[in-house]
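*Asks:* sequence and predicted structure, then a few things I'm wondering about:
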Amino acid sequence: MKAIALVLACALPGVAAATDIRVLSATAVSPGLAKIAEQYRKDTKNRLRILYLLPPQLERRVGSGDEADVLIASSGLMSDQLRRNKIEPDAHVFLGRVSVGVVVRLGAFDPDIATLERFKQTLLGADSIVYAQPGAGMYLEKLFELLGIGDQVKPKTVRYAGATQVLEHIIGGKGLELGFATIPEIRGVEGKVKFAGPLPEQVQFTTSYSAAVMTDAPSADVAREFVQYLDTPSAKAIFTAAGFD
């Protein structure tokens, strides 16, 4: 009976089978994209199969020709794929910008990062400084050098491969520890950590992210519909609530 019902459902006009859309995405987008994926499934019955990857991993997977319908990545990787004709130029949507924030353990100290000089002194007074490398750490190491404190903070620096490990370290840490991650990543674990605030405006670092349909997308038509869905007010509101600018 179940088999007969399935055949009849597929034969009925206006009834379409759900489609799986494979997405290769930067991990920094996950706090907003995970919620959008859930809402999109409710609205359309289509399912997103999202593989979240760190920047080097994402670049390797795309470069190796990994089959996918949609790519969500930073502007640099997107521009490179556009030049290589790997993404459709007319099916390309800007998602937002993410900034770097400071995070501390719940109940820990309240770091003073209101100005660049206070931020510098807080770094010098911290027991340890925790960030992802690559990721925010690539920028932070250059920043610390420009601030003239690179040699002083290097011995107390803890590096991880991704923001997840950074945040887990802060949650279970001790002492005066400063963690760094993107603001959406920090907000994704609010209640477990304390968001101390963004980097001082003079030295803030932002990364832009967008979504595009891959030129060899197996489900190109549905993928284009999903990318258009990301540009709707409801989807943009979810990204904004997650900490995207």
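*Replies:* Alright, I've got the coordinates.
*Asks:* how is this structure divided into domains?
*Replies:* Domains of the chain are assigned by automatic domain parsing as 2-97+208-241, 98-203.
*Asks:* can you list those in CSV and add mean pLDDT and mean neighbour count?
*Replies:* To be clear about C-beta, it is placed using only N, CA and C from the backbone, and glycine gets the same treatment. Shown next, in CSV, are those (pLDDT from 0 to 100; neighbours: other C-beta atoms under 10 Å):
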stretch, mean pLDDT, mean neighbour count
domain 2-97+208-241, 86, 17
domain 98-203, 92, 18
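*Asks:* contacting residues around the residue nearest the centre of the chain?
*Replies:* Centroid check for the chain by C-alpha atoms, centre = their mean gives residue 28 as the closest residue, at 1.4 Å. The neighbours of residue 28, taking C-beta atoms under 8 Å, 6 or more residues apart in numbering as the test, are 98, 163, 182, 184, 185, 207, 209.
*Asks:* of the residues you listed, closest to residue 73?
*Replies:* Taking C-beta to C-beta as the measure, residue 73 sits nearest to residue 209 out of the contacts of residue 28, at 6.8 Å.
*Asks:* run the chain-centre distance for the longest helix belonging to the chain.
*Replies:* Scanning the chain for the longest helix, with DSSP state H as the assignment, gives helix 30-44. In terms of C-alpha atoms, centre = their mean, to the nearest Å, the centre of helix 30-44 is found 14 Å from the chain centre.
*Asks:* need the next SSE after it, C-terminal direction.
*Replies:* Using DSSP states H and E, the helix or strand that follows helix 30-44 in sequence is strand 47-53.
*Asks:* just the CA trace of that next one, in CSV.
*Replies:* What follows is strand 47-53, C-alpha atoms only, in CSV (Å, rounded to 0.1, in the frame of the first residue of the first chain):
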residue,chain,number,x,y,z
ARG,A,47,16.6,19.4,2.3
LEU,A,48,20.0,21.0,2.5
ARG,A,49,23.0,18.6,2.9
ILE,A,50,25.6,21.0,4.2
LEU,A,51,29.2,20.3,4.6
TYR,A,52,30.9,22.9,6.8
LEU,A,53,34.6,23.4,6.2
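*Asks:* what's it packed up against?
*Replies:* Counting by 3 or more C-beta pairs under 8 Å, 6 or more residues apart in numbering; DSSP states H and E, the packing neighbours recorded for strand 47-53 are strand 20-26, helix 30-44.
*Asks:* go through these and name the closest to residue 150.
*Replies:* When the helices and strands packed on strand 47-53 are ranked by proximity to residue 150 (C-beta to C-beta), strand 20-26 comes first, at 27.3 Å.
*Asks:* got the contact list for that closest one?
*Replies:* Residues contacting strand 20-26 (C-beta under 8 Å, 6+ apart): 33, 46-55, 58, 61-62, 66-74, 209, 218-219, 222-223, 226.
*Asks:* try it again at 7 Å.
*Replies:* Applying C-beta atoms under 7 Å, 6 or more residues apart in numbering, the contact partners of strand 20-26 are 33, 46-53, 55, 58, 61-62, 66, 68-74, 209, 219, 222-223, 226.
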